[in-house]
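**Q** my questions are about this predicted structure, shown below with the sequence.
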Amino acid sequence: MSVLHLPASPHALEPSGRLRSSTGSAALATTLALRPGLWRPLVRFREETRWTRLLDPELLAGSLDPSLHADLAAAEVWLLSWVPGQGTALHDHGASAGAFAVAQGVLTERVVAAGRGGRHPRETTGELSAGRVRAFGPHYVHQVRNAGTEPAVSVHVYAPRLTVMNTYRVEDDRLRRIGTEQAGVDW
Ligand SMILES: [Fe+2]
């Protein structure tokens, strides 16, 4: 099974360290997602609202190859669960780049890229099953949901640490920002 699916965004190909950041985040997310012994005891599923947990880097460091410690030190790692029907709004991650890997189940991702010069936004939708990872650059806009019938779990890595997330709507053939949320509060 292919565990790396790179890159999702043209930003991931930019020079001067951004590529390294994206690939480091992807490697980190994939490595953690493929270790159910690490995340399974921690994960919870919640029907009312989505469940998220910020993971302790010291806890993770002991389970990771030292070659990933520098990426871990520069990042923030979240564990998320998704019962069927749960999902996010269309959002970005502020100035953070990163990656998310599916650890269990299947997630559906809708990606919207703003059109240049007044052109329509470009949209793609795809499924990511367990073991797949999506790397992204800053200002990447997507919507993630569990459109399946089984609960899903994912590992999300952000570098630098997530601070704000903007939410969007496609309206009148434009990608319009409709709000800004503090990270970790409602995403
Ligand atoms: Fe996201």
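**A** Sure, I can see it. Predicted model only: the values in this text are computed from it and were never measured. Numbers count the residues shown, from 1 in each chain.
**Q** CA only for contacts and neighbour counts going forward, please
**A** Noted.
**Q** secondary structure element for Pro138?
**A** With elements taken from DSSP states H and E, nothing contains Pro138; it lies in neither a helix nor a strand.
**Q** correction: Thr30
**A** Applying DSSP H and E as the criterion places Thr30 in helix 18-33.
**Q** strands along the protein, start to end?
**A** Assigned strands in the chain, in chain order: 51-54, 76-82, 90-91, 97-104, 106-113, 122-129, 133-136, 142-145, 152-159, 164-171, 174-182 (criterion: DSSP state E).
**Q** wait, doesn't Ala103 sit right on Leu34?
**A** Yes: shown here, Ala103 and Leu34 form a contact pair, counting by C-alpha atoms under 8 Å, at 6.4 Å.
**Q** joint contacts of these two?
**A** Between them, Ala103 and Leu34 have Gly131 as joint contacts when contacts are counted by C-alpha atoms under 8 Å, 6 or more residues apart in numbering.
**Q** when the two are compared, which one has more neighbours?
**A** When neighbours are counted by other C-alpha atoms under 10 Å, Ala103 and Leu34 differ, and Ala103 comes out ahead with 30 against 19.
**Q** and for the spatially closest residue to that one that is not a sequence neighbour, the neighbour number?
**A** Spatial nearest neighbour of Ala103, chain neighbours left out: Ala33 (4.5 Å); criterion: C-alpha to C-alpha, 6 or more residues apart in numbering. Counted by other C-alpha under 10 Å, the residues lying close to Ala33 total 27.
**Q** ok, Ala33 - contacts?
**A** By C-alpha under 8 Å, 6+ apart, the residues touching Ala33 are 39, 101-103, 131, 154-155.
**Q** just Val77 next, same as before
**A** Contact criterion C-alpha under 8 Å, 6+ apart gives 54-57, 155-158 as the residues in contact with Val77.
**Q** then Val102?
**A** Listed by C-alpha under 8 Å, 6+ apart, the contact set of Val102 reads 30, 33, 128-133, 152-155.
**Q** same deal with Tyr168?
**A** Residues in contact with Tyr168, defined by C-alpha under 8 Å, 6+ apart, are 89-91, 175-179.
**Q** now Glu181, nearest residue through space, not along the chain?
**A** In this structure, Glu181 finds its nearest non-sequential neighbour in Met165, 5.2 Å apart by C-alpha to C-alpha, 6+ apart.
**Q** give the full set of residues in contact with the one you found.
**A** Taking C-alpha under 8 Å, 6+ apart as the contact definition, Met165 lies against 91-94, 180-183.
**Q** which among those count as buried?
**A** Buried residues within these, defined by neighbour count using 16 or more other C-alpha atoms under 10 Å: 91-94, 181.
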